[in-house]
Each structure stands twice: as C-alpha cells, then as structure tokens.
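K.L.:
Let's see this in three dimensions:
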Amino acid sequence: MKTYLRHFFIFGWQQALSCLFPALVFAMLALSHLFAGVLPRYDFMLIACLLIQAALFYSKIETKDEVLVICIFHLLGLCMELFKVNIGSWSYPEFAYTKFAGVPLYSGFMYASVASYMCQAWRRFDLQMLNWPPHWPVRIAGALIYLNFFTNHFIHDMRYVIGIFVLIIFRKAWVVFHVERRAYRLPVALSFLLIGFFIWLAENVATRFGAWKYAYQHKQWAMVDYQKISSWAFLVVVSYIIVAELKMLKDVIEDKPAVETI
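P.N.:
Alright, predicted model coming up:
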C-alpha cells in the first residue's frame with residue numbers, strides 16, 4: 001500500500017513537471033494585466049511565450065526534437081485559430097500589434113503547450129504503446145478530426161461518427177507508463193478523455209484570465225460549455241497521434257522498439 005501511495009505522489013509530481021510549459025503560460029496570463037499600461041497583453045504574451053520556449057530549450061528541459069513537435073503544433077493551432085476567429089467561434093477583443101486577421105500570434109502557443117505536455121510526459125514516464133493500431137487508420141483518424149474542426153461549420157458535425165471510429169481502432173491499445181521502473185497501464189482511449197477533461201479545466205482558467213473569449217463570455221465570464229471537453233479530447237487524439245507517430249518513426253530509425261503487440 002505504501003508503494004502505491006508513493007507512486008501516486010511521484011506520478012502527480014511528474015505530471016506537474018510535464019505541465020511546466022502550460023503552467024508558465026498561465027502564470028504569464030495572470031501577470032499580463034500588470035504590464036497592460038506598457039505593452040498590449042497579447043504582445044506581452046507572445047514575448048513571454050518565446051522566452052519560455054527558449055529557456056526550456058537552453059536549460060535542456062526540452063530537446064530539439066520536442067521543440068520541433070511544438071512548432072508543428074503551433075502552426076496547426078494558428079491555422080485553426082485564424083479560421084475559428086474569422087468564422088465567429090470566439091474572439092480576441094483586445095488590441096495588439098502582433099495580431100494577424102484578428103488572431104494574436106501568441107495563440108498558437110496554447111496548442112503548443114499541449115504538445116509540450118505530451119512530449120514531457122512521454123519522456124518522464126518512459127511511455128510505451130501496446131497494440132497500437134496500423135499506421136494508416138490512425139493517420140486517417142487524425143486527419144478526419146482536424147478537418148472536422150473546419151468542416152463542421154458547413155456540413156453536419158461528424159465528431160461522434162469519427163469518435164466511434166477512434167474507439168474501434170484503439171479498442172485494444174494500451175499506454176504503459178513507468179513510475180520508479182514499475183509499469184502501469186491505461187487504455188489509450190481513456191487517456192484521450194482524461195487529458196481532454198483536464199485541458200477543459202485549464203481552458204476555464206485561461207478564459208477567466210482573458211486569454212480569449214467565447215460569445216457567451218463577453219458580458220460576463222461563464223464556465224466553458226461542457227461540450228468543449230469532447231473538442232479538447234479530439235484535439236488530444238490528434239496531438240497523441242502526431243507525437244506517437246513521430247516517436248515511433250524515430251525509434252524505427254534508431255532500431256528501438258516503442259510499440260509492442262500482445
């Protein structure tokens with residue numbers, strides 16, 4: 001029992017360390033009001049995010065490969081932000097010099113922070129995948145989810161159909177994580193939902209600090225719609241797939257098995 005309790009606290013501590021990037025971003029959001037008279041908040045956030053990224057890299061908390069993954073997520077997130085803001089899903093009402101088409105350039109770092117967490121957790125817990133599905137349906141699922149974020153404004157929202165597809169292809173997949181060299185495992189599909197839920201909690205904090213605003217939050221802050229949990233869970237699936245596929249590709253190149261079939 002003592003071992004399980006110790007592992008529980010170690011697991012929580014390692015999770016907290018894996019969240020260093022998003023935690024620092026939230027801290028800067030909380031402090032950004034103090035600099036509003038000197039620099040627009042969104043511009044302050046861009047500078048802060050760039051400095052945080054540089055500090056994590058040069059302190060070797062993040063590796064070169066992880067920074068590359070984070071940059072990919074930044075670009076994917078920025079593309080989604082440009083579309084969603086201009087379609088009216090949410091807005092960034094404050095002035096900034098570093099805004100493009102109504103989107104502050106720092107916003108991509110909100111998505112990049114998810115990638116940072118994924119990469120950090122993968123390394124800290126020495127993650128391994130059991131029964132990872134074949135690459136082609138996994139990549140198709142990731143592409144369909146990302147495209148649905150755009151197409152659901154013009155055609156029927158296919159998220160639940162895609163969700164069933166995701167559950168089918170990942171039904172036998174498990175993620176194995178290690179605490180003090182002891183292996184634990186969790187269904188991959190459940191990990192999607194859990195991470196999505198905690199990101200939704202973080203989103204409530206972010207909107208409370210004015211990182212962005214939904215239409216129903218302009219007059220007065222309100223809790224983010226529960227449906228956003230599924231949106232974040234789907235974004236987690238895309239993030240998971242990209243990070244996992246890149247990690248597996250690197251392991252193949254280095255002749256190091258990262259996926260097992262049982």
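K.L.:
tell me the helices in this protein, going along the chain?
P.N.:
2-18, 20-31, 41-58, 64-87, 108-124, 135-151, 159-169, 188-208, 228-253 (DSSP state H).
K.L.:
so the last one versus helix 159-169, what angle?
P.N.:
Going back to what we said before, that points to helix 228-253. Counting by axes from the mean of the first three to the mean of the last three C-alpha atoms, to 10 degrees, helix 228-253 points 40 degrees away from the direction of helix 159-169.
K.L.:
next one: the first one
P.N.:
Going by the same axes, to 10 degrees, helix 2-18 is angled at 130 degrees with respect to helix 159-169.
K.L.:
which strands and helices sit next to helix 2-18?
P.N.:
Contacts defined by 3 or more C-beta pairs under 8 Å, 6 or more residues apart in numbering; DSSP states H and E place helix 2-18 against helix 108-124, strand 174-179, strand 182-187. Every residue, glycine included, has its C-beta placed from N, CA and C.
K.L.:
Could you export those as JSON lines, including distance to Ile241 and mean neighbour count?
P.N.:
Shown next, in JSON lines, are the helices and strands packed on helix 2-18 (distance: least, C-beta to C-beta, whole Å; neighbours: other C-beta atoms under 10 Å):
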{"stretch": "helix 108-124", "distance to Ile241": "10", "mean neighbour count": "23"}
{"stretch": "strand 174-179", "distance to Ile241": "13", "mean neighbour count": "18"}
{"stretch": "strand 182-187", "distance to Ile241": "16", "mean neighbour count": "12"}
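K.L.:
Dump those to JSON lines, plus mean pLDDT and distance to Leu31.
P.N.:
Conversion of these to JSON lines gives the following (pLDDT from 0 to 100; distance: least, C-beta to C-beta, whole Å):
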{"stretch": "helix 108-124", "mean pLDDT": "87", "distance to Leu31": "15"}
{"stretch": "strand 174-179", "mean pLDDT": "92", "distance to Leu31": "33"}
{"stretch": "strand 182-187", "mean pLDDT": "91", "distance to Leu31": "35"}
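K.L.:
Any chance of a markdown table for those, columns distance to Ala233?
P.N.:
Listed next are the helices and strands packed on helix 2-18 as a markdown table, based on distance: least, C-beta to C-beta, whole Å:
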| stretch | distance to Ala233 |
| --- | --- |
| helix 108-124 | 12 |
| strand 174-179 | 15 |
| strand 182-187 | 14 |
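K.L.:
Minimum distance to Ala54: which of the ones you listed has it?
P.N.:
helix 108-124 (12.4 Å; C-beta to C-beta).
K.L.:
returning to that earlier point: winner for burial among the helices of the chain?
P.N.:
Mean neighbour count, computed with mean count of other C-beta atoms under 10 Å, is highest for helix 108-124 among the helices of the chain, reaching a mean of 23.
K.L.:
and the gap between the residue nearest the centre of the chain and Leu78?
P.N.:
By C-alpha atoms, centre = their mean, the chain has its centre lying nearest to Val114, at 2.3 Å. Distance from Val114 to Leu78, counting by C-beta to C-beta, to the nearest Å: 14 Å.
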